[in-house]
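>>> Pasting the sequence and the predicted model now:
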Amino acid sequence: MEFAVINPIIEAGGQIAAIIICLFALILIILALALNIGFFYAFTWVRQKTELIKVLRPHVESINKTTMLVKQGSEPDESQNAIVRTVAKVPAGVDKVDQKVTQATGKVAQGAIEVRARIEQGKAIVKTFFKPPRKQNLEERINKEGLQFTSPGYRTLMKEKAPVSTAESPSGEGYEQTITAKQLKDVPSR
């Protein structure tokens, strides 16, 4: 059986599609290869850095131990590295400076408090000696300071506990209630 000739447009379209698929496959392979090479170099770099950290770890531990010894008061060994001895002395020096700063700050604060107290004391003395005394009678003090006579609580108490009297006023304008101290003396408190 002979194959029938296929439409030349479909045949050309199939060839173009095959070429495009091959190009995409080639691009995909190149990108995957580039990505793998990039990861290879990145992981190699990370491995080198972790090896560097492993090399530094004993030095850091030595500095930490020496620092703790210096904080406790002993001097670092002369057999150790000069950098380790120098770095170990830094925290002890910082602690000494911090203590001195704290002491100086305390002295300055105490001095400022003392000065302020003396100024206020002087003001009070000057007011006492040079300001003329004011005489106030009791009514002015009651009106000015209140002394609880005008408070709502006092007025409510007086209304609740005061005995009611129905004495007619001499002026004839209505009833007046008069309360004496003797009448309030026997009233129980709350």
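Good, I have the coordinates. Numbers count the residues shown, from 1 in each chain.
>>> Pull out the buried residues from stretch 62-72.
62-63, 66-67, 70 (16 or more other CB atoms under 10 Å). Where you see a C-beta, it was placed from the backbone N, CA and C, and this is true even at glycine.
>>> For that stretch, output the C-alpha coordinates as CSV.
Taking Å, rounded to 0.1, in the frame of the first residue of the first chain, the C-alpha atoms of stretch 62-72 are listed here in CSV:
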residue,chain,number,x,y,z
SER,A,62,39.8,30.0,74.3
ILE,A,63,38.9,33.7,74.4
ASN,A,64,35.7,32.9,76.3
LYS,A,65,37.6,30.8,79.0
THR,A,66,40.3,33.5,79.3
THR,A,67,37.7,36.2,79.6
MET,A,68,35.9,34.3,82.4
LEU,A,69,39.2,33.9,84.2
VAL,A,70,40.0,37.6,83.9
LYS,A,71,36.6,38.5,85.2
GLN,A,72,37.2,36.3,88.2
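>>> is it true that residue 75 lies in a helix?
No: counting by DSSP: H, G, I helix; E, B strand; the rest coil, residue 75 falls outside a helix, being coil.
>>> Count the neighbours of it for me.
The local packing of residue 75 (other CB atoms under 10 Å) involves 12 other residues.
>>> mind putting the buried residues of stretch 62-72 in TSV, distance to residue 126 included?
What follows is the buried residues of stretch 62-72, written out as TSV (distance: CB to CB, whole Å):
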residue	distance to residue 126
62	67
63	62
66	62
67	58
70	56
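>>> The residues you listed: which two are farthest apart?
62 and 70 (12.5 Å; CB to CB).
>>> Just the element for residue 65, please.
Residue 65 belongs to helix 8-72 when assigned by DSSP states H and E.
>>> burial measure for residue 88, as a count.
23.
>>> Show me what the mean pLDDT comes to for stretch 85-99.
Averaged over stretch 85-99, pLDDT sits at 77.
>>> Buried residues, that stretch. List them.
Here stretch 85-99 shows 85, 87-88, 92 as buried, counting by 16+ other CB under 10 Å.
>>> From the residues you listed, pick the one nearest residue 119.
residue 92 (41.4 Å).
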